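Peer 1: Structural data only, the sequence is not supplied:
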């Protein structure tokens, strides 16, 4: 890794709030590693967002002790605020951050930074959800993380695998272009930044990391999850309304787009839809059995069908009908939810009929009835998805492919 002009190459931000027990060990370990492994100018920035313990005194002492460490303090609490402030003020070519608990093995830092200094990528993130990762954490956090990222894939159509790993970096000009459009300043900050970057056509590089959970973490999982759900809805709405100037960001930073893929034949669509339907039905059955004891038949049916509907629409969009890219994604998901409403009405009616015929049917009878109703609903879904949700978009995609095919030869000739 080299720095083009000898200026500051890397600024690694450590956001902290009341971390008096962890901060000194973190910075000492990080500085020792950077001294040994990095041969470009680097800096460590302690970004203190409104700590009320002795974090400030420790941070200032560390800045005095090490030449490559600086301390910044904000009066406002929020990790997003801390990163926004530190990155916006940084003179480095590449800005990064990592969690103060050093959950991610620092050996992943060089492959995280190298694609950015070389110009290969715009953003680089660590992931705990790819093959080759070695992750130590409890089953509860593992389930929450995978569920959250699955919802992101279904609701927003993202392709990056892990939005929440506290181990990210980006080129400074990318940060300056994206930060004004990121509204969240807490834990959803990372996710929103990545979604906007991907929608703007920027290249996101992922590296598998070794990660060990911090058992002393004070993060409120329940509140964070609720905030994340609200964030997903807000970002989806902003993208659907065209609130974020993605085209302008792409014009400034984006890379040449790839040609759209060809849509499968009708026979291929039927086979792919059936495959998606099988997995969706199995997922529905599993979710229903898990939820039914606590929620009852109707609410369990609704919840399981809603989750599988979002994921089903996303899978059919890409796998069955060959539509890729962010264009019209939110509209298609909305239309998919209308189709979901029809399917839910069908399955709910089947439960009403079952309970009218049998006074106290068991969970097995309910499941068999709902599964049969879902088979009928699946056939209805295919017809509506093909004839309504994706029909016009598929035509538009083919037109875009023809236009791109005409433009590229002229561009290459020039």
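Peer 2: Sure thing, it's come through. None of the values given here were measured: they were computed from a predicted structure.

Peer 1: who touches residue 60 in this structure?
Peer 2: Residues counted as contacts of residue 60 (C-beta atoms under 8 Å, 6 or more residues apart in numbering) are residue 71. C-beta coordinates here come from the backbone N, C-alpha and C atoms, glycine included.

Peer 1: Any chance of the backbone angles for it?
Peer 2: phi -70, psi -40 (degrees, to the nearest 10).

Peer 1: What separation do you get for it and residue 70?
Peer 2: According to C-beta to C-beta, to the nearest Å, residue 60 and residue 70 sit 10 Å apart.

Peer 1: go on, residue 45?
Peer 2: Noted for residue 45: a distance of 5 Å to residue 70, by C-beta to C-beta.

Peer 1: The two: which is more packed in?
Peer 2: residue 45 (27 against 19; other C-beta atoms under 10 Å).

Peer 1: Please name the strands paired to the helix or strand harbouring the more buried one in the sheet, noting orientation.
Peer 2: Assigned by DSSP states H and E, residue 45 belongs to strand 42-49. Counting by DSSP bridges, the strands paired with strand 42-49 are strand 10-16 (parallel), strand 69-74 (parallel).

Peer 1: what sits up against the last one?
Peer 2: Put plainly, it is strand 69-74. Strand 69-74 has contacts (C-beta under 8 Å, 6+ apart) with 27, 31, 43-51, 56, 59-60, 62-63, 81-82, 85-86, 89.

Peer 1: List only those of those residues flagged as buried.
Peer 2: For these, a burial check counting by 16 or more other C-beta atoms under 10 Å picks out 27, 31, 43-51, 56, 59, 62-63, 81-82, 85-86.

Peer 1: Can you tell me the SS state at the most centrally placed residue in the chain?
Peer 2: For the chain, residue 163 is the residue whose C-alpha lies nearest the centre (C-alpha atoms, centre = their mean; 4.0 Å). Secondary structure assignment for residue 163 (DSSP: H, G, I helix; E, B strand; the rest coil): coil.

Peer 1: Tell me, how many residues neighbour residue 226?
Peer 2: Other residues lying near residue 226 total 11 when counted by other C-beta under 10 Å.

Peer 1: Check which helix or strand it maps to.
Peer 2: Following DSSP H and E, one finds residue 226 within helix 221-240.

Peer 1: That helix packs against which elements?
Peer 2: Under the contact criterion of 3 or more C-beta pairs under 8 Å, 6 or more residues apart in numbering; DSSP states H and E, helix 221-240 touches helix 139-156, helix 189-199, helix 329-357.
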